[in-house]
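Enquirer: heads up, no residue letters with this:
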């Protein structure tokens, strides 16, 4: 059934499947998708772990960031197993918890169940879309996410004979082979660098479209985006082969292994924060700060101690703060 579904999608796309369409199906297909059906959990028993599941420093920093300019409504997008939400609420303190309406946007039925278990007894409002969450909050809310943009399907481009070609897959039964095809170039700083032939870049165009789908409903607030990635041109100068990879049972997979075991593993790529900053500016948002996650954590609460084992991750992750509305200060 999986092979026939992929081959049907391939036929609709003209004989080969653009990588972002493959990734979208692998992660979010209603019957076979990793996030919709196959993900077990996040953490030691799952395919990957995240910072909140191993240390409280991020939660304490997010809570301090929220307390600095309190909003009546807080929206967390993609809350994983619910551990970050639980810790953030705990560190907000009793008084602010009473005054705050906490919303979670989650499209994975599996993860929503985990969140409801982890947050049992808390007053939480779940939504399937940002539009619903913003409607419930009257358009004024602080928004934050941890490892969200990287979960959006990305387009992959390869520098070939001095031009950029789009990566697609040709599906034949249970195997997938790479093909290059001409494609329109999305708005991205990735194409501005002087990269040699053979270089690969990823563009999270679907994330840009998602931002635009709800941006008009966001009237005021701040948005914190935490994810692994970097800024141009350094992002691809040190990784000319691109950053696309997959995870299964805490093992990192690259190359053709990314395309195998459809729907059974997480697929991801580093986030281009230069793009996120520019896309926000197109929507009328201002950037308040952009830097490493370590710098963000220490700026919120200098006394927070980041474990030495997290030092590398603290430099590899970026924290972007954007704002909307003239009444909202940095």
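Expert: That came through, no problem. Only a predicted model underlies this, so the values are computations on that prediction, with no experimental measurement involved.
Enquirer: for residue 202, grab phi and psi.
Expert: phi -120, psi 140 (degrees, to the nearest 10).
Enquirer: isn't it right up against residue 270?
Expert: Yes. Using Cβ atoms under 8 Å, residue 202 is in contact with residue 270, at 7.2 Å. Just so you know, the C-beta spots here come from the backbone N, C-alpha and C atoms, and that holds for glycine as well.
Enquirer: what sits in contact with each of these two?
Expert: residue 243 (Cβ atoms under 8 Å, 6 or more residues apart in numbering).
Enquirer: those two: who's more crowded?
Expert: residue 202 (28 against 24; other Cβ atoms under 10 Å).
Enquirer: which residues does that one form beta bridges with?
Expert: On the basis of DSSP bridges, residue 202 is bridged to residue 156.
Enquirer: where in this structure is pLDDT low?
Expert: 1-3, 37-54, 249-250, 311, 326-330 (pLDDT under 70).
Enquirer: now do the helices in it.
Expert: Taking DSSP state H, the helices of the chain run over residues 2-12, 19-28, 57-68, 83-92, 94-99, 109-118, 130-136, 205-214, 234-237, 273-282, 293-300, 311-316.
Enquirer: out of everything not next to it in sequence, what's closest to residue 16?
Expert: residue 168 (4.0 Å; Cβ to Cβ, 6 or more residues apart in numbering).
Enquirer: now residue 146
Expert: The nearest residue in space to residue 146 (Cβ to Cβ, 6+ apart) is residue 226, at 4.8 Å.
Enquirer: sorry, back to before: measure the residue nearest to residue 16 to residue 295 for me?
Expert: Remark: distance between residue 168 and residue 295 (Cβ to Cβ, to the nearest Å) = 39 Å.
Enquirer: so who does residue 96 touch?
Expert: So residue 96 contacts 66, 67, 70 (Cβ under 8 Å, 6+ apart).
Enquirer: among the residues you listed, which one lies nearest to residue 24?
Expert: residue 66 (31.8 Å; Cβ to Cβ).
Enquirer: for residue 219, which non-adjacent residue is closest in space?
Expert: Using Cβ to Cβ, 6+ apart, the closest residue to residue 219 is residue 139 (3.6 Å).
Enquirer: thinking again about what came up before, which one of residue 168 and residue 295 has more residues nearby?
Expert: residue 168 (26 against 15).
Enquirer: ok, now which ones touch the residue nearest to residue 219?
Expert: Contacts of residue 139 were listed using Cβ under 8 Å, 6+ apart, and they are 217, 218, 219, 220.
Enquirer: quick one: which of these is most hemmed in?
Expert: Using other Cβ under 10 Å as the neighbour criterion, residue 218 leads the contacts of residue 139 with 23 neighbours.
Enquirer: got the phi and psi for it?
Expert: Backbone torsions of residue 218, given as degrees, to the nearest 10, read phi -90, psi 110.
Enquirer: wait, it sits on residue 141?
Expert: Yes. Residue 218 is within contact range of residue 141, at 7.5 Å (criterion: Cβ under 8 Å).
Enquirer: roughly how far is stretch 312-320 from the heart of the chain?
Expert: 14 Å (Cα atoms, centre = their mean, to the nearest Å).
Enquirer: does the closest residue in space to residue 218 that isn't next to it in sequence have any beta-bridge partners, and if so which?
Expert: In this structure, residue 218 finds its nearest non-sequential neighbour in residue 324, 5.4 Å apart by Cβ to Cβ, 6+ apart. Note on residue 324: beta-bridge partners by DSSP bridges are residue 221.
Enquirer: what does residue 177 give?
Expert: Applying DSSP bridges to residue 177 gives these bridge partners: residue 170.
Enquirer: kind regards, and thank you for your time.
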